[in-house]
Structures are given as C-alpha cells and as structure tokens.
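Colleague: Give me coordinates for this.
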Amino acid sequence: MLKTERLTLRAFSDADNAAFRVLAGDVEVARMTSDIPHPIDARQAEQWLKPVAGELRYALEHDRRLIGGAGTFLRDCGAGELGFWLGSAWWGQGFATEAARAVLAHAVVNGSYAGFSSSHFDDNPASRRVLDKLGFEAAGTGQIWSLARSASVEAHWVWLSREKAAMLYGHDAGSQIAPARSRWRALTSRLVRTN
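Modeller: Numbers count the residues shown, from 1 in each chain. Have a look, this model is predicted:
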C-alpha cells in the first residue's frame with residue numbers, strides 16, 4: 001500500500017468489481033486504454049482485476065472510493081511499462097500525476113527496472129501532459145490495439161531513463177541502464193517509427 005497527499009494506492013480485489021465496471025464501463029475511459037474492453041461485463045472485470053506475472057497494479061482510492069488504477073509491468077527488455085487510468089469524474093484534478101509519481105518512486109526504490117516506458121493515444125493529450133510532468137521524453141510513434149475501439153490507434157511512445165528517474169525520485173540509478181535501454185529500443189524499433 002502506498003499513500004500520497006490525497007490517495008491510497010492498494011491492491012485491487014474482487015470487491016472492486018462493481019465499482020470498476022462503473023468507472024471503466026464509461027466508453028470515454030475505456031477508449032483511452034489499450035486493455036479495457038467496452039462494454040465490460042462482470043467476468044471480464046474479474047479477469048482484468050487479477051494481476052499477471054511481472055505486473056504491479058494499484059487501485060486508486062480517494063476518500064475511500066475507487067477512482068482509477070495505476071501500475072507498472074515488466075517488459076521483456078527490462079523496462080517498467082507505466083500505465084494509469086481514472087474515472088472521468090476525476091479527470092483534470094491532478095490525480096493521475098499524483099498516483100503515477102508514487103508508482104514511479106516506489107518502482108525506482110524497490111525495483112530493478114532499467115528505465116520506464118509508457119504510451120498514450122494520439123487523441124489523448126491529457127495523458128501526454130501527465131507523462132510530460134513525470135519527466136518522460138518522446139521515443140516515437142506507432143499503432144497500439146485498443147480493445148474498447150476494436151481498432152489499432154495511432155500512439156506516442158515515451159521513455160524515462162533510470163538516471164532521470166533516480167534524479168527526479170531520489171534513488172541511485174544503478175548499473176543496468178544502458179543494456180536494457182538498448183534492448184528496449186531494439187524491441188520498439190520493430191513497432192515504432194522515430195519522430
């Protein structure tokens with residue numbers, strides 16, 4: 001469990017199913033993610049709420065109410081992929097930035113990630129602003145499949161080096177940076193065309 005000024009970040013549970021379906025069932029929320037289907041039923045929500053190997057996923061609570069999610073999963077290249085989403089009632093209030101900062105700080109201190117990657121759809125400038133505030137830098141563009149849209153969508157890939165994350169979030173950068181960054185670039189070069 002992590003705490004920020006306004007949020008509690010905790011593990012998702014089966015008890016979150018109904019609230020998750022209300023929040024993620026909003027097409028405007030689901031369409032900005034790659035992995036939330038629309039419409040979503042109880043069985044799909046149950047599967048989504050269960051973390052997979054290499055994934056650290058947090059439920060975001062504000063005033064003891066589920067408002068979204070954030071987390072990382074370990075990519076084959078050794079980077080941590082950052083993801084986040086919020087129910088639309090909480091957009092534009094800084095909650096995504098606050099939650100993602102907590103996730104990154106925890107990952108820098110407690111994980112062995114070589115850096116962090118993330119992405120946002122071309123029509124999601126709000127996520128781009130969050131990633132900019134977090135210190136991510138442009139890495140290229142490409143297509144990402146969106147379950148809610150049932151289509152590939154133009155997306156922007158971003159990268160935050162371990163050195164920069166350590167500077168921003170107060171931890172020694174470690175020694176695994178360059179090899180993993182090279183692996184990440186090799187992996188994404190097949191999917192991404194550089195700006």
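
Colleague: use CA for all of it now, contacts and neighbours both
Modeller: Noted.

Colleague: packing partners for the longest helix along the chain?
Modeller: The helix that spans the most residues within the chain, counting by DSSP state H, is helix 95-110. Judged by 3 or more CA pairs under 8 Å, 6 or more residues apart in numbering; DSSP states H and E, the packing partners of helix 95-110 are strand 65-74, strand 80-86, helix 125-134, helix 162-169.

Colleague: Just the endpoints, please. Distance across stretch 131-149?
Modeller: Using CA to CA, to the nearest Å, the end-to-end distance of stretch 131-149 comes to 23 Å.

Colleague: mind listing what's buried in it?
Modeller: 131, 134, 136, 138-144, 146-149 (16 or more other CA atoms under 10 Å).

Colleague: Residue nearest the middle of this structure, spatially speaking?
Modeller: For the chain, the residue nearest the mean C-alpha position is residue 83 (0.7 Å; CA atoms, centre = their mean).

Colleague: In the sheet, which residues pair with that residue? Tell me.
Modeller: Beta-bridge pairing of residue 83 under DSSP bridges involves residue 71.

Colleague: that older thread, Throw the helices and strands packed on helix 95-110 into a markdown table and include mean pLDDT, thanks.
Modeller: A markdown table is the format used below for those (pLDDT from 0 to 100):
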| stretch | mean pLDDT |
| --- | --- |
| strand 65-74 | 96 |
| strand 80-86 | 96 |
| helix 125-134 | 98 |
| helix 162-169 | 90 |
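
Colleague: Looking at those, spot the one closest to residue 109.
Modeller: Nearest to residue 109 among the helices and strands packed on helix 95-110 is helix 162-169 (8.4 Å), distances taken as CA to CA.

Colleague: now the angle between helix 95-110 and that closest one, please.
Modeller: Between helix 162-169 and helix 95-110, the angle comes out at 110 degrees (axes from the mean of the first three to the mean of the last three CA atoms, to 10 degrees).

Colleague: Pull the number of nearby residues for residue 38.
Modeller: 21 (other CA atoms under 10 Å).

Colleague: quick one: it and residue 20, what's the gap?
Modeller: From residue 38 to residue 20 the distance is 12 Å (CA to CA).

Colleague: What of residue 143?
Modeller: 26 Å.

Colleague: now do residue 151
Modeller: Taken as CA to CA, the span from residue 151 to residue 20 is 23 Å.

Colleague: Neighbour count for the two, which is higher?
Modeller: residue 20 (24 against 12).

Colleague: so how far is the helix or strand containing that one off the chain centroid?
Modeller: In the assignment (DSSP states H and E), residue 20 maps to helix 17-24. Its chain's C-alpha centre and that of helix 17-24 lie 18 Å apart, by CA atoms, centre = their mean, to the nearest Å.

Colleague: contacting residues around the helix or strand just after that helix?
Modeller: Heading C-terminal from helix 17-24, the first helix or strand you meet, by DSSP H and E, is helix 27-30. The contact list for helix 27-30, computed with CA atoms under 8 Å, 6 or more residues apart in numbering, reads 23, 24, 36, 37, 38, 39, 85, 86, 87, 88, 148.
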